[in-house]
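Need a 3D model of the sequence below.
(one chain, ligands or ions: 2)
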Amino acid sequence: MAESEAETPSTPGEFESKYFEFHGVRLPPFCRGKMEEIANFPVRPSDVWIVTYPKSGTSLLQEVVYLVSQGADPDEIGLMNIDEQLPVLEYPQPGLDIIKELTSPRLVKSHLPYRFLPSDLHSGDSKVIYMARNPKDLVVSYYQFHRSLRTMSYRGTFQEFCRRFMNDKLGYGSWFEHVQEFWEHRTDANVLFLKYEDMHRDLVTMVEQLARFLGVPCDKAQLEALTEHCHQLVDQCCNAEALPVGRAHCLFAQKTSLRWEGRALSSQLHCLDLIHVTA
Ligand SMILES: Nc1ncnc2c1ncn2[C@@H]1O[C@H](COP(=O)(O)O)[C@@H](OP(=O)(O)O)[C@H]1O
Ligand SMILES: CCc1ccc(OS(=O)(=O)O)cc1
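Ligands and ions are numbered 1, 2, ... in the order given. A predicted model of the protein is given here:
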């Protein structure tokens, strides 16, 4: 048997065994044994933390934050692997000890729910940028990610995956709780709550919010230049392969056998729609 086949967790049971539960939240295997150290992780006032549920457009947000905070060139950012610039708190590499030693100002990424992040963050000791994405698009993206990830090689159906999503059975737990928890902290002075879709709808407002939040002084001309550069980053991803925002709706429409998941998602998402209306 080829190595990749041997590693392939094809069945739901095998897939299940990859995760572990921490205070009722399903977390990926690499988080095991380090949650206490994460809770006590020392945070600095100059840090900027980027937190999302997976597949919320984190890489794009990282690029935009990098550009706004460092005044970097969009072509340069387009060429670099932005994931190499931002360590992920809970990943095995580079690991907590290395992140502790990084020089300030640090940009750190995490997918952990609010309550599992370092407690210093809860006390407002550093800036946290959270981004939420429409779950109907996110679940399609997360499904494709699970299918392509070598260590997961998920072989369940989309229908089964949607059921896991609705029942909080995926890595990083419930999307609903993840967003809700940050939503409840959206008015904290050290938290900026953003939506992925606004990057496409109203980038100028987002760049303005980011510049203000990060304390980057910019006049109207500088803001226009920054927004233009950020537009380049957004466009760089929207190549022929990338489908526009809202593509999950097409996917649901095409796959009639998945209609019930669509309805289930829609009814759950009614809460979120209400939240959006009051935002
Ligand atoms: N400039 C950009 N760079 C990387 N991903 C981007 C991007 N603009 C949009 N995205 C989308 O962000 C999603 C990945 O999220 P994350 O970075 O959190 O893993 C992907 O969604 P799709 O899978 O729906 O295409 C990807 O297309
Ligand atoms: C499947 C669990 C998992 C693993 C790694 C992730 O990170 S990222 O979105 O690729 O940065 C997310 C989820």
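
Give me the nearest residue to the residue nearest to the spatial centre of the chain, chain neighbours excluded.
Among the residues of the chain, the one closest to the centroid is Thr52, at 3.0 Å (CA atoms, centre = their mean). Once flanking residues are discounted, Thr52 sits nearest to Thr58: 4.5 Å by CB to CB, 6 or more residues apart in numbering. For every residue, glycine as well, the C-beta is placed using N, CA and C.

before we move on, what about Ala211?
In space, Ala211 is closest to Cys218, 5.2 Å off (CB to CB, 6+ apart).

Return the distance of the residue nearest to the centre of the chain relative to ligand 2.
8 Å (CB to the nearest ligand atom, to the nearest Å).

Distance of that residue relative to His178?
Per CB to CB, to the nearest Å, Thr52 is found 9 Å from His178.

thinking again about what came up before, how near is the residue nearest to Thr52 to Tyr130?
11 Å.

residues shared between the contacts of the two?
Between them, Thr58 and Tyr130 share these contacting residues under CB atoms under 8 Å, 6 or more residues apart in numbering: Thr52.

how many neighbours does Glu21 have?
9 (other CB atoms under 10 Å).

avg pLDDT for stretch 25-42?
Taken as a whole, stretch 25-42 carries a mean pLDDT of 96.

Quick check: closest non-adjacent residue to Ile99.
Using CB to CB, 6+ apart, the nearest residue to Ile99 is Pro87, at 4.9 Å.

mind listing the strands for the stretch 151-279 of the chain?
191-195 (DSSP state E, counting those that start in this stretch).

repeat for the stretch 1-150 of the chain
Under DSSP E, counting those that start in this stretch, the stretch 1-150 of the chain gives strands at 20-22, 25-27, 48-52, 107-110, 127-132.

Figure out which of the ones you listed is closest to ligand 1.
strand 48-52 (5.7 Å; CB to the nearest ligand atom).

Partner strands of that closest one, with direction?
strand 107-110 (parallel), strand 127-132 (parallel) (DSSP bridges).

What's the mean pLDDT across that strand?
98.

how long is stretch 187-197 from one end to the other?
End-to-end distance for stretch 187-197: 20 Å, by CA to CA, to the nearest Å.

if we look at that stretch, which residues are touching it?
Under CB under 8 Å, 6+ apart, the answer for stretch 187-197 is 56-57, 60-61, 121, 124-134, 182-183, 185-186, 206, 209-210, 213, 245, 276.

Go back to those residues and keep what's next to ligand 1.
Ser56, Gly57, Leu60 (CB under 6 Å from any ligand atom).

can you pull the contacts of the first one?
Think Ser56. Met131, Ala132, Arg133, Leu138, Tyr196.

From Phe22, how far off is the residue nearest to the first one when sequence neighbours are not counted?
Going back to what we said before, that points to Met131. Closest residue to Met131 apart from its sequence neighbours, by CB to CB, 6+ apart: Leu194 at 4.6 Å. Applying CB to CB, the value for Leu194 to Phe22 is 26 Å.

before we move on, what about Phe213?
30 Å.

Sketch out the low-pLDDT regions of the protein for me.
1-15, 237-279 (pLDDT under 70).

is any part of stretch 168-180 close to ligand 1?
No: applying CB under 6 Å from any ligand atom, one finds stretch 168-180 separated from ligand 1 by no less than 11.2 Å.

End to end on that stretch, go ahead and measure it.
Stretch 168-180 end-to-end distance (CA to CA) = 14 Å.

now swap in stretch 142-156 and tell me
Chord length of stretch 142-156, first to last residue, is 13 Å (CA to CA).
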